[in-house]
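**Q** okay, here's the prediction I keep looking at, along with the sequence it came from:
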Amino acid sequence: MSELVIKDLQVSVDTEDGPKEILKGVTLTIKDGETHAIMGPNGSGKSTLAYSIAGHPKYTITGGTVTLDGDDVLAMTVDERARAGLFLAMQYPVEVPGVSVSNFLRTAKTALDGEAPKLRTWVKDVNAALEQLNLDPTFGTRSVNEGFSGGEKKRHEIAQLELLNPKVAILDETDSGLDIDALKVVSEGVNRFRAQEGKGVLLITHYTRILRYIEPDFVHVFVDGKVAESGGAELAEELEANGYEKYLSAAV
Amino acid sequence: MTVTDTARESVESAVEQGPLFSHLNPPPSYDLADHPVPTGREEIWRFTPLKRLLGILDGDASDAHLTWDTTLPDGVTLTEITAEQAREIGELAPNDRPSALAAAHAGSAMLLDVPAEAEIAEPIVLRLHGDSVDDLVWGRLLVRVGRHAQATVAVVHTGSARYSAITTVLAGDASTVNVLSLQDWDDDAVHLGRDAIQVGRDATVKHTSISFGGDLVRMHANVEYAGPGGSAELLGLYFADEGQHLEHRLFADHTAPKTKSHVLYKGALQGQGAHTVWIGNVLIRKVAEGIETYEENRNLVLSDGCQADSVPNLEIETGEIEGAGHASATARFDDEQLFYLRSRGVSEKESRRLVVHGFFNDLIRKVGIPSIEAQLLETVEAELAKNVLREAD
């Protein structure tokens, strides 16, 4: 089982003019087998939510709680959160020059499992994961994210999702910058992940397009650092038709 | 500084164009009077702790020498030649006092000869070992690779000495030459080295300077072009520990059109008083139209108390070029890289190890000498074990 519970989460960042509040009390529960889509305009704090849960040092938690299966996520270090079962697919994956994808994946898998994966099955798993995401087998020899196209970076994130197989995946605008073919490939990867028993997905997106391929159980409209409205998949259709206008004017 | 006639002639004969004064690279000259004992205030000496040179700058001729252990594949010869022969062959004249002293005091010179059209697959390795820092040793080496020839030369320095050497690499037309200088000295060694490379027409040259050991190491890597179409890649890697001074000075002198220079030096520093200096200079002469150049230096600071000086320079006399650029960055660990790795469950310590390895691996795999590459990876691992891996425990 897995349950990510976010309660009244408040987060600020340091700016030149002092701390700025970005998240103003976010409450959200992602249960076993649920996919939640968070949609919102630019600057609404969607990515801040993702990075705060993952523990990025840039963000200061000023209030609220986040628990995974009852354990206090906010008390954990970044790597402890990953080992507890959280995974963040980043909007802008970071280049790590000189570290090969295969070395990176093996190191991460070893860290998560507490022991090195069995070589034979692991190589097979990696090749299969790369192939399913239309990544060339030589991809493993390239430096992590260095010189990757936008699409390759995102497909690499999803390959990691499948190989590392967390309890809860947070996908931060994984769809941005993808053409339709890449979007399908990435969506299939996410769907394979969530088809497993007891997986949660928090899918952050600006556009409704990806929701045609990854059908959410719940949709939350995120405006000005909090959830403005929640509903089912039909809420995405409404946003598709009417945009964020009514929420933005309400927030002003 | 006065530019003497000797110096002028030497520059003119070397490049067949008007004398040119680059403040970072005084005109080459064999005349010691052109290279007075520095006070430490000179632009080219201001980063170097002169006292730690242990008297090299006014050293006398000496019989001391390093022990040479060589691997010479078939077709390659290593012979002793006279100072006069060295100059006749086309040695590139000294450009600072230590190299001028080396030329003056070494007595003879060693000539490594790769004949024209020879393709030497196996690396030529010269292992130079010193017994004691009490020995003052002058070195003079010429590497001559004939036209259309291919060769890889590794000069490996170990042990200890006070060593000042002048090295010239003459890469013949359309040759492919890979030269590596590894400074793997004991802790007390002092090494002043000047490597100067003449890139023949359409030749491709790679030069890598790697400094791990020694109390003070100061290396020049200079490149000039004997004709159009030549290409030079200058690589460097250094790892300065507590109290070490490692200095690398680069000079790409674009003396011919359609030539290329690409400089990439990477260094790491750890421990109190670790000091690295990187001075890059590219001169694009008026004649050097259509050239391409890029110089880059990256330093990774692994602990407090270190100092990394990094100064890229570009002197341009013609705007008719393909491209020219430089970059320099000195930083501690990149938080974003660490975050990315840690967000995959990798511990902070292991993430740091990966990042530093990656930082160097990137360069090591460009060296192009597999046996040396493996050794370098091991050395980096050993250096890291001293600090980085321990620090985050």
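**A** Perfect, thanks for sending it. The model shown is predicted, which means the values in this text are computed figures rather than measured ones.

**Q** secondary structure element for the residue of chain B found nearest chain A?
**A** Of all residues in chain B, the one sitting closest to chain A is B:Gly358 (3.1 Å; CB to the nearest CB). The C-beta positions use only the backbone N, C-alpha and C, and glycine is treated the same way. If you go by DSSP states H and E, B:Gly358 is part of helix B:348-364.

**Q** helix or strand next in line after that helix, which one?
**A** Beyond helix B:348-364 toward the C-terminal end (DSSP H and E), the next one is helix B:370-386.

**Q** what residue ranges in the stretch 1-150 of chain B score low on pLDDT?
**A** Flagging of the stretch 1-150 of chain B using pLDDT under 70 yields the residue ranges B:1-21, B:23.

**Q** ranges for the strands of it?
**A** Here the stretch 1-150 of chain B has its strands, by DSSP state E, counting those that start in this stretch, at B:67-71, B:77-81, B:109-114, B:124-145, B:150-171.

**Q** pick the most buried one from those strands.
**A** Mean neighbour count (mean count of other CB atoms under 10 Å in any protein chain shown) peaks for strand B:150-171 among these, with a mean of 25.

**Q** what residues does chain B put near chain A?
**A** With the criterion set to CB under 8 Å from any CB of the partner chain, chain B comes near chain A through B:334-337, B:339-348, B:350-351, B:354-355, B:357-363, B:365.

**Q** re the thing from before, so which of the strands of the stretch 1-150 of chain B is nearest A:Ser149?
**A** Evaluated over the strands of the stretch 1-150 of chain B, closeness to A:Ser149 peaks at strand B:150-171, with 34.7 Å, by CB to CB.

**Q** about what we covered before: among the strands of the stretch 1-150 of chain B, which is nearest A:Lys20?
**A** strand B:150-171 (54.9 Å).

**Q** elements contacting that closest one?
**A** Contacts defined by 3 or more CB pairs under 8 Å, 6 or more residues apart in numbering or on different chains; DSSP states H and E place strand B:150-171 against helix B:97-105, strand B:124-145, strand B:176-185, strand B:190-199, strand B:204-211.

**Q** for stretch B:134-154, list the C-alpha coordinates in PDB.
**A** Output of stretch B:134-154 as PDB, limited to C-alpha atoms (Å, rounded to 0.1, in the frame of the first residue of the first chain):
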ATOM      1  CA  ASP B 134      68.500  17.900  -3.800                       C
ATOM      2  CA  ASP B 135      69.300  17.200  -7.400                       C
ATOM      3  CA  LEU B 136      68.900  20.200  -9.800                       C
ATOM      4  CA  VAL B 137      68.200  18.700 -13.200                       C
ATOM      5  CA  TRP B 138      68.000  20.400 -16.600                       C
ATOM      6  CA  GLY B 139      66.100  18.700 -19.400                       C
ATOM      7  CA  ARG B 140      66.000  19.200 -23.100                       C
ATOM      8  CA  LEU B 141      63.900  17.100 -25.400                       C
ATOM      9  CA  LEU B 142      62.800  17.300 -29.000                       C
ATOM     10  CA  VAL B 143      60.100  15.200 -30.400                       C
ATOM     11  CA  ARG B 144      60.100  15.200 -34.200                       C
ATOM     12  CA  VAL B 145      57.200  13.500 -36.000                       C
ATOM     13  CA  GLY B 146      57.600  13.300 -39.800                       C
ATOM     14  CA  ARG B 147      55.000  14.200 -42.300                       C
ATOM     15  CA  HIS B 148      52.000  11.900 -42.500                       C
ATOM     16  CA  ALA B 149      53.300  10.000 -39.500                       C
ATOM     17  CA  GLN B 150      51.200   9.000 -36.500                       C
ATOM     18  CA  ALA B 151      52.600   8.700 -32.900                       C
ATOM     19  CA  THR B 152      51.600   8.800 -29.300                       C
ATOM     20  CA  VAL B 153      54.200   9.900 -26.800                       C
ATOM     21  CA  ALA B 154      53.800   9.800 -23.000                       C
END
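
**Q** tell me which stretches of the stretch 51-200 of chain A form strands.
**A** Going by DSSP E, counting those that start in this stretch, the stretch 51-200 of chain A shows strands at A:59-68, A:71-72, A:86-89, A:96-100, A:143-144, A:168-172, A:200-205.
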